[in-house]
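model the following, please.
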Amino acid sequence: MRLARVESGGEAFWALLDPDLQRLRRIREPFSAWAPALGQGRATRLGLDDERLELSACRLLPPLQPGARVFGVGLNYRSHLERLGSSPPAHPLAYLKPDSALVGAHDEVAYPALTGQLDYEVELVAVVARPLGDEPRASACLLGYTVGNDVSARDAGRRIARLDLLTQKAMDRTTPVGPWIVTLDELGGPGQPELDMSLSVNGELRQQDNSRQMIFPVDELLNYLDARISLRPGDLVFTGSTHGVGLEDGRFLAPGDMVEAHIEGLGTLCNRIGTPRILSPARSVGRLGWPTGE
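Numbers count the residues shown, from 1 in each chain. Purely as a prediction, here's the structure:
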């Protein structure tokens, strides 16, 4: 099944999409009741409205349950590291994103003030359904997967020669995710997904790979995170991006660019890059970490 978080009539809610992906029905049961049950492969009551809404009349929101966390993992595709002249790390590199970084499948992506090198990264995103606990296979605890574009400020931290993940990965309205969650049962169940993924900018193909090429598979990523921060229902886990990003050849995103990120069986994100943010005079003073040295 396909589960979307949408906005209609000024209200946000979870919904179940019809198989034709044209209409949806609102889910009335609380997320805390149906998500863990689906994560255990059990049939559960969703409390669906009889009335069907047209998807075109709704706004697709990021499929994030309020209060859930967003985790990111980097350096997880060998081909990407090879093009950057790097070796695979000994273990995953992870970080947290605030929910304010997320936008929906068709929303505009903000161009932050503190970067001149905005980059794209198509990523498979895992959605947690229940605590991992003593489950032998971590991926059995997932609700399913969705599509992410981990837009990044590549020049962050340049002046201090340090990794500045707050600037690089967490800035407001820079991370498209969606359009909906495809449940685990439609994707072969637990284990490593093997899904083709691609990303284009203004119709030009930039990234293309398959999720089977991850250095650290999904089960290992979930274990890595849960050993540090216990995963909870609704948490999102970005699993890393492959080669073809702008960092490799210097072709970064510009205002007005249309970026399309697609993963087989999951869907497509279509997001335009907005105009650069201009800080007010009151907010542009002090050592803010401008990459140009201001």
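
helix or strand for the nearest residue to L184 once chain neighbours are set aside, which one?
Excluding the flanking residues, the one nearest L184 by CB to CB, 6 or more residues apart in numbering is G144, at 5.0 Å. Using the backbone N, CA and C atoms, a C-beta is placed for each residue, glycine as well. If you go by DSSP states H and E, G144 is part of strand 142-149.

roughly how far out does that strand sit from the chain middle?
Centroid separation for strand 142-149 versus its chain: 7 Å, with CA atoms, centre = their mean, to the nearest Å.

surely the residue nearest to L184 meets V127?
Yes. Using CB atoms under 8 Å, G144 makes contact with V127 at a distance of 5.6 Å.

who touches both of these two?
I181 (CB atoms under 8 Å, 6 or more residues apart in numbering).

returning to that earlier point: tell me which residues of the strand holding G144 come out buried.
For strand 142-149, the buried set under the neighbour-count rule, 16 or more other CB atoms under 10 Å, comprises L142, L143, G144, Y145, T146, V147, G148, N149.

list the strands paired with it, with their directions.
Within its sheet, and counting by DSSP bridges, strand 142-149 is paired with strand 122-128 (antiparallel), strand 175-183 (antiparallel).

just the element for the closest residue to D49 other than its chain neighbours, please.
Leaving out its chain neighbours, the residue that sits closest to D49 by CB to CB, 6+ apart is R26, at 4.4 Å. Assessed by DSSP H and E, R26 sits inside strand 23-26.

what packs against that strand?
Judged by 3 or more CB pairs under 8 Å, 6 or more residues apart in numbering; DSSP states H and E, strand 23-26 is in contact with strand 11-17, strand 53-54.

need the ones you listed in CSV with distance to P190 and mean pLDDT, can you?
What follows is the helices and strands packed on strand 23-26, written out as CSV (distance: least, CB to CB, whole Å; pLDDT from 0 to 100):
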stretch, distance to P190, mean pLDDT
strand 11-17, 22, 98
strand 53-54, 32, 98
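
quick one: closest of those strands to P66.
Smallest distance to P66 across the helices and strands packed on strand 23-26 (CB to CB): 8.3 Å, for strand 11-17.

which helices and strands does that closest one pack with?
Checking 3+ CB pairs under 8 Å, 6+ apart, strand 11-17 ends up next to strand 2-8, strand 23-26.

quick one: strands adjacent to it?
Partners of strand 11-17 in the sheet, by DSSP bridges, are strand 2-8 (antiparallel), strand 23-26 (antiparallel).

what lies in contact with the first one?
If I follow you right, that is strand 2-8. With contact meaning CB under 8 Å, 6+ apart, strand 2-8 is reached by 12-17, 21, 24, 27, 53, 55, 57-65, 143-144, 178-183.

quick one on the thing from earlier: got a markdown table for the strands paired with strand 142-149, with distance to Y224 too?
Formatted as a markdown table, those follow (distance: least, CB to CB, whole Å):
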| stretch | distance to Y224 |
| --- | --- |
| strand 122-128 | 12 |
| strand 175-183 | 21 |
